[in-house]
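[1] no FASTA, just this:
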């Protein structure tokens, strides 16, 4: 008797096969084996939005092979990932391979370990159609937005632009933040501090009332306070000491892993999910697409034993964390190592450097979550001077607890021993000018945080969303890894806000995600949900399509040039790379006027080439100015120029082979 197990990836298949006997054949679907066609909408909007799935060309050979494997198997087991997408892949396998859904077995596990696989095989079930419907609804929604709105964008601007249901909201967040920064007006404020022999204090009160930060707004006001304090006595009014503690964070979810990996490792969300996927498929960590902080009893017992043996009883504290997200699936687990005994040091030799760094982050966060609080001695000194109050605060780590495993940023601030009523000798009283700063641009960590907070998309989609808006040229990263909208991004955002405000509305997008969750829980039908969304969208698209073309034509810039192919007037158009001149009869005539730049002749230097007696000239290349023979490419003589001025111009097509033939010695000298 033979059993066929089908998973998504070859790596996952290899890991699972290592745990099963010869009676099992493990094959990979290589991801999705069916999808909507790229060349058309692929959704029958007249008949309950039925998707018209096709098998992509690249998947056909594998589908044929899987069909043959299925024919000879006595038992067919679908072991795709345990989320909506994995459930949908299992359903597509049944459809594409002509399998009997009554006999096909579905198994789910959250870690690829021998015990988890065998446990799942002992408890197979059927495909969860509710999860399939939720994934299908998401796919249909995204296709309707992309394939209906994008052509309207083309009519208004240029081909190649695209609109996305969630991506457009992400672009909106980034554009709105950039415009908020551009409109920001810095406000002046002042701080005042009193400095004593071993510590500094900040002004915090006046006339017994707290002074709010940024409330001293002028130099005159600051000077008046300094004048009031002239000759004042500085007396310690109170000293308070207490023990404080810091509790460890919950183990990682998909969103928190992406945020922390961005901050600590400078990984993009796409990189984080790629390395996490590799670790999961190799059996090193549990499933990496999760919004739950739940931990299995088995994992809690394992980590508890590990902490006691490695660090001692005083470092262990059993904890259970509660998920804040109402849509979290508590049957899932947080991201954790499959075995805490597999320390980062023990795993380093079997992982790539990138995988090892991410594994260490996951391992440390998980182990730290079950350790005792870090303890601090916190001190506050309050000082009275005339009608003003100053304060100094400090803290000192007294027990590291979970910080032993997961170091976090903190600095001991030790204050001197002083007593209430003690008179202090002032060393310096100073005021300092400040200006308020605009809100920070989003980076990957802060963008993911706001997406999760607002309920835009789901953690498993964040990496793809952020990658897409960059690939489409709507958003760019600067050297500090902060996001900036491009001109194209602003154009698309403004168009969407003016014409399809519902699509880029944050609350509306979050509501759609909630409805998808309701479909997954069986609380809502997917077809009526799609119809409710599509009906007003179809009307909007029809109206805006006509308006877009009219606005584009009204804004076209005329020129005095005539098309040399059809005789029609040439006009100025806008494209992805800026303005260009093209025939007004497009698309019937696709003539484009290419700008011709006058090329300056090479500068003669008054010497002859020692190889063929030709004139030597100065040329500009990627490495700066150099001297070459004017008879290039027949003569490839070059020589260096000492102290040549560096230039940024790239070599022309004529100069490229010349620069490539420079000798090593010549390159060093130019």
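    Received it, and whenever you're ready, just let me know what you need. Nothing here was measured: the structure is a model prediction, and the numbers come from that model.
[2] CA atoms for contacts and neighbours, from now on please.
    OK.
[3] How many residues are close by residue 453?
    As a burial measure, residue 453 scores 11 neighbours (other CA atoms under 10 Å).
[4] Checking my notes, it in a helix, right?
    Yes. Under DSSP: H, G, I helix; E, B strand; the rest coil, residue 453 falls within a helix.
[5] Domain-wise, how is the protein divided?
    3-127, 138-182+441-546, 188-247+375-435, 254-368, 557-593, 603-669 (automatic domain parsing).
[6] and residue 663, what pLDDT?
    Residue 663 carries a pLDDT score of 34 in this model.
[7] same thing with residue 139?
    94.
[8] Please report how far it lies from residue 49.
    Between residue 139 and residue 49 the computed distance is 11 Å (CA to CA, to the nearest Å).
[9] Between those two, which has more neighbouring residues?
    Comparing residue 139 with residue 49 by neighbour count (other CA under 10 Å), the higher total belongs to residue 49, at 19 against 14.
[10] can you pull the pLDDT of that one?
    95.
[11] what about residue 68, distance to residue 4?
    For residue 68, the distance to residue 4 - CA to CA - is 11 Å.
[12] So for these two, which sits in the more crowded spot?
    Between residue 68 and residue 4, counted using other CA under 10 Å, residue 4 has the larger neighbour count: 20 against 12.
[13] what's in contact with the helix or strand harbouring that one?
    If you go by DSSP states H and E, residue 4 is part of strand 3-7. With CA atoms under 8 Å, 6 or more residues apart in numbering as the contact definition, strand 3-7 has outside contacts at 13, 23-29, 69-70, 73-81.
[14] any idea which helix or strand comes after it?
    Counting by DSSP H and E, what follows strand 3-7 is helix 10-17.
[15] Tell me which other helices or strands that next one touches.
    strand 24-28, helix 269-281 (3 or more CA pairs under 8 Å, 6 or more residues apart in numbering; DSSP states H and E).
[16] in the stretch 351-500 of the chain, which ranges drop under the pLDDT threshold?
    Scanning the stretch 351-500 of the chain for pLDDT under 70 picks out nothing.
[17] Strands along that one, start to end?
    Assigned by DSSP state E, counting those that start in this stretch, the strands in the stretch 351-500 of the chain fall at 374-385, 388-399, 423-424, 428-435, 475-477, 483-485.
[18] Please state the offset of the second one from the chain centre?
    Averaging C-alpha coordinates over strand 388-399 and over its chain gives two centres that are 37 Å apart (CA atoms, centre = their mean, to the nearest Å).
[19] and what of the third one?
    With CA atoms, centre = their mean as the basis, strand 423-424 stands 53 Å off its chain's centre.
[20] how many neighbours does residue 349 have?
    Neighbours of residue 349 under the rule other CA under 10 Å: 10.
[21] quick one, what contacts it?
    Not one residue lies near residue 349 by CA under 8 Å, 6+ apart.
[22] Ok, residue 138 next?
    residue 516.
[23] secondary structure element for it?
    With DSSP H and E as criterion, residue 138 is part of helix 129-156.
[24] Distance from that helix to the middle of the chain?
    How far helix 129-156 lies from its chain's middle: 22 Å, per CA atoms, centre = their mean.
[25] That one: which residues count as buried?
    The neighbour-count check on helix 129-156 (16 or more other CA atoms under 10 Å) flags 129-138, 140-156 as buried.
[26] following that helix, which helix or strand shows up next?
    helix 167-182.
[27] Quick one: mean pLDDT for that following helix?
    Mean predicted confidence for helix 167-182 is 95.
[28] Offset the numbering so it begins at 30, please.
    Let's use 30 as the start, then, which means that last one is helix 196-211.
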